[in-house]
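>>> Need coordinates for the following:
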Amino acid sequence: MRFLRRENLPHIWCVGCGHGIVLGAVARAMEKAGVDQDRTVVVSGIGCSSRAVGYLSMDALHTTHGRALAFATGIKLARPDLRVVVLAGDGDLAAIGGNHLIHAARRNIGITTVCFNNGIYGMTSGQYSPLTPAGYRTTTSPFGHLERDFDLCRLVQAAGATYVARSTAYHVHQTITYITRALNHDGFSFVEVFSPCPTYFGRFNRMADPVKMMQWLHDGTVQAGQAARMTPEELRGRVVIGEFHRTQEVPEYARSYREMIARLAEGGDHGAG
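Next comes the predicted model:
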C-alpha cells in the first residue's frame, strides 16, 4: 500500500494488539477517499496509538500528550487547503486532551479524528482510562473499575461534531467505510474504533489470548439498527456501533475564519458585536 512507510515495518505494537488493524483501515480508507499524500498531515499525541503516524508516508507530527487536536487546529487554520488527520488514543483524547476534543467538535473545524480505543493506558503498563468499562480490572483498579466510562461518540456529537461513527478492529470493512466517509466530510469528523489490548486489558480480564479479545468485541457490540429494536435490558452490557450522526448544515470553521479575515481586509462588516 502506497500510504505505508514499508521501511519502518514491522511495527512495534505488542502481539495481538489491534492498532495495526486500525492503521491498516486508515491506510485503506485513504486509498478509497483519494487522499493526496502531498497535501495531507497526520498528527498524533502520546501513547500506543501515537506510533501510527510514523508508519504513514506523508507529513506527520508526533506531539505532546493530549495536544494532538491543538496542533492539528493550528495546522488547519494556517493551511486550510491541507487535509488534517488526527490519530490518537482514548487516554489522549478523553482525558488530558478532553477539552481540545470538545472544542474542536464545537467549532466544526475540518479535522478527521480517529480514536484508537483500547480502554487502557497501554504504553504505561495498563492504568485505567476514561474509556475503561466499569467493572473491568486494570493495574490501578485491581478489584474492578468503579467509574462509568464516557460514551465518547455521544459526547462529541453533543459538542457539535458533524460526522460521528463507531466501529471495532473486528469489524474491519465497516471501519474502513466510516473512516473513508470521515475523510471526505467537510467539518469535524470523529470515528471511534475499539482496539484489543491483550497484553494489559486482556491479561487483567482473562482475555490474554488475542482471539478471545476479538470474540469479546464481536459478542459485546451490536449494530445501531439492531439496537433500535432491542429493549434496555437486552442492550445492557453491550456497546452500540454504527454511524450515529452526519450533517453538512454547519459551516466548517477554518473556511469561516478565512472569510471573516477577507471581509475585514476589504473594510466590510465587523460583525454583529
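>>> what about the residue lying closest to Leu9 once chain neighbours are set aside, distance to Thr73?
Once flanking residues are discounted, Leu9 sits nearest to Tyr55: 6.9 Å by Cβ to Cβ, 6 or more residues apart in numbering. All C-beta atoms are positioned from the backbone trio N, CA, C, and that covers glycine. Distance of Tyr55 to Thr73, given as Cβ to Cβ, to the nearest Å: 24 Å.
>>> Could you do Arg229 as well?
For Arg229, the distance to Thr73 - Cβ to Cβ - is 39 Å.
>>> Okay, now the unreliable bits of this structure?
268-273 (pLDDT under 70).
>>> quick one: secondary structure of the residue nearest the centre of it?
When Cα atoms, centre = their mean is applied to the chain, the residue found nearest the centroid is Cys115 (1.9 Å). Counting by DSSP: H, G, I helix; E, B strand; the rest coil, the backbone at Cys115 sits in strand.
>>> In terms of secondary structure, what does the helix ranked longest in the chain contact?
Using DSSP state H, we find that the single longest helix of the chain is helix 19-33. Counting contacts by 3 or more Cβ pairs under 8 Å, 6 or more residues apart in numbering; DSSP states H and E, helix 19-33 is packed against strand 83-89, strand 111-117, helix 172-183.
>>> Which secondary structure elements does the longest one sit against?
For helix 172-183, the helices and strands in contact under the criterion 3+ Cβ pairs under 8 Å, 6+ apart are helix 19-33, strand 111-117, strand 163-168, strand 189-194, strand 239-246.
>>> Could you rerun that using 6 Å?
helix 19-33, strand 163-168, strand 189-194 (3 or more Cβ pairs under 6 Å, 6 or more residues apart in numbering; DSSP states H and E).
>>> contacts for the first one?
Helix 19-33 is contacted by residues 1, 3-4, 11, 13, 49, 52, 116, 169, 172, 175-176, 179-180, 183-184, 193, 195 when judged by Cβ atoms under 6 Å, 6 or more residues apart in numbering.
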